[in-house]
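>>> 3D, please:
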Amino acid sequence: MTSLAVAPPRFVSPAKALQHGFSLAWRGILKIRKNPEQLVDVTIQPILFLVLFVYLFGGAVAGSTGAYLQNLAPGLLVQNTIMASMSAGVALNTDVSKGVFDRFRSMPIARSAPLVGAVFADIVRYLVAIAVLLVMATIMGFRIQTDPASTILAVAVMVLAGLCFCWIAVFVGMLVESPGAVQGVMIAFIFPLTFGSNVFVPSSTMPGWLKTWSDISPVSLLANTMRGLLDGGPVAGPLLGALAWMAGVVAVFFPLAMRAYRRRVG
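Just a heads-up that it's a prediction; the model follows:
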């Protein structure tokens, strides 16, 4: 069986590497356009979480479904974006398993381009998840209390958060053997992270140890940022804390993902 030749190593400038990444991101977007069922999780899941939690727990947690919806919807933006971010790891693992990366290795492109391309392609998924949640929440009675500039900033922060946290999924995708394993590992990580935050209930109702974590959790800080930007309230403090977490995640998991990628594909 003839294998593809590996392109000889050469220096690729950061600008050229970014261009390669955008080219492969367009490949990912075309895959979504040809297979729109890939967006099922970011269209159905936001609606399910919103409807189930508002109508099952709204009265018990906040006294009324309307009050709970106003507090829950901004927080769910965070959970849904982080959940959507794991698709990058699944997609990359699928490509490796099917031998697509053998073809990438034969091309004179930056080594990081396939990973960066998969990450940028997920921006479409984040925007869809955000739009679906906000539209459904508005139908149910949620109202944005701030100005359009704050709303645009909220969307931008959520997309940035997705681009940062997806490097965890990329790292996992390069470690495990199958796409199903990526989903299993990421769900086991994401659910405790999001449910152990103030997205669904106030942290003041939690045991002391959990409250301490919830107050500094990246999910709680992002949820408070979204509430400030969409519902009014403090923004600077939680936003700075969230940005610090996002920078830390990229600083740790980007090099780990690149190292695992080199070991996986050679």
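>>> which residues sit in contact with Val124?
Taking Cβ atoms under 8 Å, 6 or more residues apart in numbering as the definition of contact, the neighbours of Val124 are 29, 32. All C-beta spots, glycine's among them, are computed from the backbone N, C-alpha and C.
>>> which parts of the host helix or strand of it are buried?
Using DSSP states H and E, the element containing Val124 is helix 123-140. Along helix 123-140, these residues count as buried under the neighbour rule (16 or more other Cβ atoms under 10 Å): 123-130, 132-134, 136-137, 140.
>>> average model confidence for that helix?
Along helix 123-140, the predicted local confidence has a mean pLDDT of 92.
>>> I'd like the next helix or strand past that helix.
Next along the chain after helix 123-140, taking DSSP H and E as the criterion, comes helix 148-175.
>>> for the following helix or strand past that following helix, what is the average pLDDT?
Tracing the chain C-terminally past helix 148-175 and defining elements by DSSP H and E, one meets helix 179-195 next. Helix 179-195 carries an average pLDDT of 91.
>>> now the angle from helix 179-195 to helix 148-175?
What separates the directions of helix 179-195 and helix 148-175 is an angle of 140 degrees, with axes from the mean of the first three to the mean of the last three Cα atoms, to 10 degrees.
>>> just how off-centre is whichever helix or strand comes after helix 179-195 within its chain?
With elements assigned by DSSP H and E, the helix or strand that comes after helix 179-195 is helix 208-216. Averaging C-alpha coordinates over helix 208-216 and over its chain gives two centres that are 23 Å apart (Cα atoms, centre = their mean, to the nearest Å).
>>> which other residues reach helix 208-216?
Residues outside helix 208-216 that contact it (Cβ under 8 Å, 6+ apart): 196-198, 203-204, 206, 220, 241.
>>> What of stretch 63-73?
Applying Cβ under 8 Å, 6+ apart, the set of residues contacting stretch 63-73 from outside is 50, 53-55, 57-59, 61-62, 133-134, 137, 140-143, 199-200, 227, 230-231.
>>> hmm, which of those residues are the buried ones?
Burial by neighbour count, judged by 16+ other Cβ under 10 Å, picks out 50, 53-54, 58, 61-62, 133-134, 137, 140, 142, 199-200, 227, 230-231 from these.
>>> where are the low-confidence patches of this protein?
Across the chain, residues meeting the criterion (pLDDT under 70) sit at 1-14, 16-17, 21-22, 28, 38, 100-112, 266.
>>> In it, where's the longest helix?
Using DSSP state H, we find that the single longest helix of the chain is helix 236-265.
>>> what angle do that helix and helix 148-175 make?
Relative orientation of helix 236-265 with respect to helix 148-175: 30 degrees, computed using the same axes, to 10 degrees.
>>> sec struct for Asp95, please.
helix (DSSP: H, G, I helix; E, B strand; the rest coil).
>>> wouldn't it be in contact with Pro114 here?
Yes. Here Asp95 lies in contact with Pro114, judged by Cβ atoms under 8 Å, at a distance of 7.2 Å.
>>> which of the two has more neighbours?
The neighbour comparison of Asp95 against Pro114 (other Cβ atoms under 10 Å) goes to Pro114, with 26 against 21.
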